[in-house]
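compute the structure for the input listed below.
(2 chains)
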There are 2 protein chains.
Amino acid sequence: MSNLPSIGSYPFLAEPFHCDCSKRLFIGHLGNHLLNAADYHSSERGYGMNYLNTINATWVLSRLAIELGEVPLMYDKFNVETWVESVMRYFTNRNFKILGSNGKVYGYGSSIWAMINTESRQPVDILDVKDGAINNCVEKEYLCPIASCSRVRIGTDIPLVQTIDTTYHDVDVNGHINSIKYIEHALNLWSLDWHKQHFVKRIEVAYVAETYIGDKLNFYKMESSNATCTEALIRITKTNIDGEAEVCRIKIVFNQKIE
Amino acid sequence: MSNLPSIGSYPFLAEPFHCDCSKRLFIGHLGNHLLNAADYHSSERGYGMNYLNTINATWVLSRLAIELGEVPLMYDKFNVETWVESVMRYFTNRNFKILGSNGKVYGYGSSIWAMINTESRQPVDILDVKDGAINNCVEKEYLCPIASCSRVRIGTDIPLVQTIDTTYHDVDVNGHINSIKYIEHALNLWSLDWHKQHFVKRIEVAYVAETYIGDKLNFYKMESSNATCTEALIRITKTNIDGEAEVCRIKIVFNQKIE
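Numbering: from 1, shown residues only, chains lettered A, B, ... in the order given. Purely as a prediction, here's the structure:
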């Protein structure tokens, strides 16, 4: 296992039925491809979801940032490169580079992951897994030139714009609402016409708590624009029998399309 | 182009983040893979969406049936084989076979496609395209042993169970609501617990009319069960300024899981 290079590279295709009205890959699908690449990379190196499940542990995404110069077009082939930049006891930093043919770079991603016990939901010391095997794959030199994912600070007095029920399709293999679904639901707060005229230059998410089927999701949103971009802040909370609690905070920077 | 075999075969992977709470590929994702395979197959043979767009034409899915013995599990590699079984002036029959490793067969699909002019939305004579080039690729011998897709007859007196708004993520590259999204919204009518205990043995859809962003979708549903399966009939209508009109009719057969 430890003979593998620190950087993994996985091929994907912008399949036409995963593309939006502008024939560009949905950001949610791109996000899923990043998560899939992360899973392949860690599985090949011995600490993926399937192995962790055997020791009652799993990876949990804590923060994710994606920054794009261009979104893959329908039929574009691209590779997602991924590598672990640093490992601490309870968190790892994992980066992504989204590469097209002929050296074209679509963009980059940055993420922070925690490991938890699937029964107690408490943090697991990452360096205890296989005697810290993950340390053999750290790659500190390869460049990820975007700002790393932040905590996404949002004030408390922003308006509620939508409440939705969670459904079968929101739930992933771990039994909770899929991390990428929050991004999709957030992007649905804008109209089709908006998406025809703008693209997501950068999106970042700070995940706070897990949600489960039956929870209602509430979306609070504010946005501001200048000459070149629109910046939106979204707080998602859940409502269930325990009351309302914060689930994640999202920041989206939209740029005008020049197509 | 005409040197290609009549049957195309395209590799896919049940990516973990495209799988449901039972670690099985979402039927919607499987359906999208079938549609992608259909598009690759017709593109390679010269009458795919990209070519048709240059002559203001496109394929429209009229009926789709998928019947499964087993649903691909997380990380399963599988191939979708597809071929055109017959061509008439205004319709083609296209079949699918979903094949795993070691000759395992997950299931089959059957579909009917029309070709329309993208401006007038009127039917186009398929045999007029490239002097009937599609006739060179017809495959009549290869077996697709499932019942072909029916009209899905549903009485008019079944109850309305849900109404939803259409959003950015419902719209595909053709600018209308994606054919597979109706299946996903329909499957969302059942609870997560239902899906944990049942799998989709067969689903068939008869598409009647296109829908666009801004249309509301109404779901009418009835179901009946016997010792081995539950059969559900769903009528989806749209509501917009023109009133209410039928969009599609869906029949789903659920079998109990024996896992």
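
break chain A into its domains for me.
As given by automatic domain parsing, the domain ranges for chain A are A:1-149, A:150-259.

export the ones you listed as TSV, with columns for distance to B:Ala245.
All C-beta spots, glycine's among them, are computed from the backbone N, C-alpha and C. As requested, those are exported to TSV (distance: least, C-beta to C-beta, whole Å):
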stretch	distance to B:Ala245
domain A:1-149	22
domain A:150-259	20
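
looking at this, A:Asn32 is in a helix?
Yes. Judged by DSSP: H, G, I helix; E, B strand; the rest coil, A:Asn32 forms part of a helix.

sorry, back to before: could the domains of chain A go into JSON lines alongside mean neighbour count and mean pLDDT?
Listed next are the domains of chain A as JSON lines, based on neighbours: other C-beta atoms under 10 Å in any protein chain shown; pLDDT from 0 to 100:
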{"stretch": "domain A:1-149", "mean neighbour count": "18", "mean pLDDT": "93"}
{"stretch": "domain A:150-259", "mean neighbour count": "17", "mean pLDDT": "95"}
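
confirm that A:Ser43 sits in a strand.
No. Counting by three-state DSSP, A:Ser43 is not found in a strand; it is helix.

for the closest residue in space to it that isn't next to it in sequence, give me phi and psi.
Spatially, and ignoring its direct neighbours in sequence, A:Ser43 is nearest to A:Asn50 (6.2 Å; C-beta to C-beta, 6 or more residues apart in numbering or on different chains). Phi and psi for A:Asn50, reported as degrees, to the nearest 10, are phi -60, psi -40.

for A:Tyr40, give me phi and psi.
According to degrees, to the nearest 10, A:Tyr40 has phi -60, psi -50.

tell me the bridge partners for the closest residue to it other than its chain neighbours.
Among residues not flanking A:Tyr40 along the chain, A:Tyr10 sits closest, at 5.5 Å (C-beta to C-beta, 6+ apart). Note on A:Tyr10: beta-bridge partners A:Val80, judged by DSSP bridges.

now swap in A:Ile236 and tell me
Applying DSSP bridges, one finds that A:Ile236 bridges with A:Phe219, A:Cys248.

isn't it right up against A:Ala245?
No. Taking contacts as C-beta atoms under 8 Å, A:Ile236 lies outside contact range of A:Ala245: 10.4 Å.

which parts of the stretch 51-200 of chain A sit against chain B?
Selection of the stretch 51-200 of chain A residues close to chain B by C-beta under 8 Å from any C-beta of the partner chain yields A:74-75, A:167-169, A:171-173, A:175, A:178, A:180, A:184, A:187-188, A:190-192, A:195.

same thing but at 7 Å, please
A:74, A:167-169, A:171-173, A:175, A:178, A:180, A:184, A:187-188, A:190, A:192, A:195 (C-beta under 7 Å from any C-beta of the partner chain).

quick check, nearest of the residues you listed to B:Lys257?
The closest of those to B:Lys257 turns out to be A:Tyr168 (C-beta to C-beta; 14.5 Å).

pull the contacting residues for the residue nearest to A:Met115 when sequence neighbours are not counted.
Sequence neighbours aside, A:Val124 is the residue nearest to A:Met115 in space, at 4.4 Å (criterion: C-beta to C-beta, 6+ apart). Neighbour list for A:Val124: A:57, A:115-117 [criterion: C-beta atoms under 7 Å, 6 or more residues apart in numbering or on different chains].

dump the residues you listed into CSV; add secondary structure as well.
Listed next are the contacts of A:Val124 as CSV, based on three-state DSSP:
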residue, secondary structure
A:Ala57, strand
A:Met115, strand
A:Ile116, strand
A:Asn117, strand
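
in a markdown table: those, plus distance to A:Leu160.
Listed next are the contacts of A:Val124 as a markdown table, based on distance: C-beta to C-beta, whole Å:
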| residue | distance to A:Leu160 |
| --- | --- |
| A:Ala57 | 36 |
| A:Met115 | 34 |
| A:Ile116 | 30 |
| A:Asn117 | 34 |
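
quick one: the strands in chain A?
Along chain A, counting by DSSP state E, strands occupy A:8-13, A:57-68, A:77-87, A:92-99, A:105-117, A:160-165, A:198-207, A:216-225, A:229-240, A:243-256.

tabulate those strands in a markdown table, adding columns for distance to B:Thr156.
Below are the strands of chain A laid out as a markdown table (distance: least, C-beta to C-beta, whole Å):
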| stretch | distance to B:Thr156 |
| --- | --- |
| strand A:8-13 | 43 |
| strand A:57-68 | 47 |
| strand A:77-87 | 48 |
| strand A:92-99 | 50 |
| strand A:105-117 | 49 |
| strand A:160-165 | 28 |
| strand A:198-207 | 43 |
| strand A:216-225 | 33 |
| strand A:229-240 | 37 |
| strand A:243-256 | 42 |
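
so which of those strands gets nearest B:Thr228?
strand A:160-165 (30.8 Å).

so the closest one versus strand A:229-240, what angle?
Counting by axes from the mean of the first three to the mean of the last three C-alpha atoms, to 10 degrees, strand A:160-165 lies at 50 degrees to strand A:229-240.

can you list the strands that strand A:160-165 pairs with?
strand A:216-225 (antiparallel).

what does stretch A:11-22 rub up against?
Counting by C-beta under 7 Å, 6+ apart, A:25-26, A:29, A:33, A:72-80, A:192, A:195-196, B:32, B:35-36, B:39, B:49, B:171-173, B:175, B:178, B:180 sit against stretch A:11-22.

what of stretch A:40-48?
By C-beta under 7 Å, 6+ apart, stretch A:40-48 touches A:1, A:4, A:8, A:10, A:39, A:50, A:82, A:129-130, A:133-134, A:137.

start and end of that stretch, how far apart?
7 Å (C-alpha to C-alpha, to the nearest Å).

separation between the nearest residue to A:Leu35 once chain neighbours are set aside and A:Gly31?
Excluding its sequence neighbours, the residue lying closest to A:Leu35 (C-beta to C-beta, 6+ apart) is B:Phe17, at 5.1 Å. B:Phe17 is 9 Å from A:Gly31, where distance means C-beta to C-beta, to the nearest Å.

ok, A:Ile183 next?
On the measure of C-beta to C-beta, A:Ile183 and A:Gly31 end up 6 Å apart.

A:Trp190 too?
For A:Trp190, the distance to A:Gly31 - C-beta to C-beta - is 17 Å.

could you do A:Leu25 as well?
Applying C-beta to C-beta to A:Leu25 and A:Gly31 gives a distance of 10 Å.

now do A:Ile154
20 Å.

can you check A:Asn50 too?
The value you get for A:Asn50 to A:Gly31, if C-beta to C-beta is used, is 21 Å.

now, which of the contacts of stretch A:11-22 lie within helices?
Residues of those located in helices (DSSP state H): A:29, A:33, A:192, A:195-196, B:32, B:35-36, B:39, B:49, B:180.

could you dump the residues you listed to TSV with distance to A:Ser148?
Shown next, in TSV, are those (distance: C-beta to C-beta, whole Å):
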residue	distance to A:Ser148
A:His29	23
A:His33	20
A:Leu192	32
A:His195	27
A:Lys196	31
B:Asn32	33
B:Leu35	38
B:Asn36	34
B:Asp39	38
B:Met49	39
B:Ile180	36
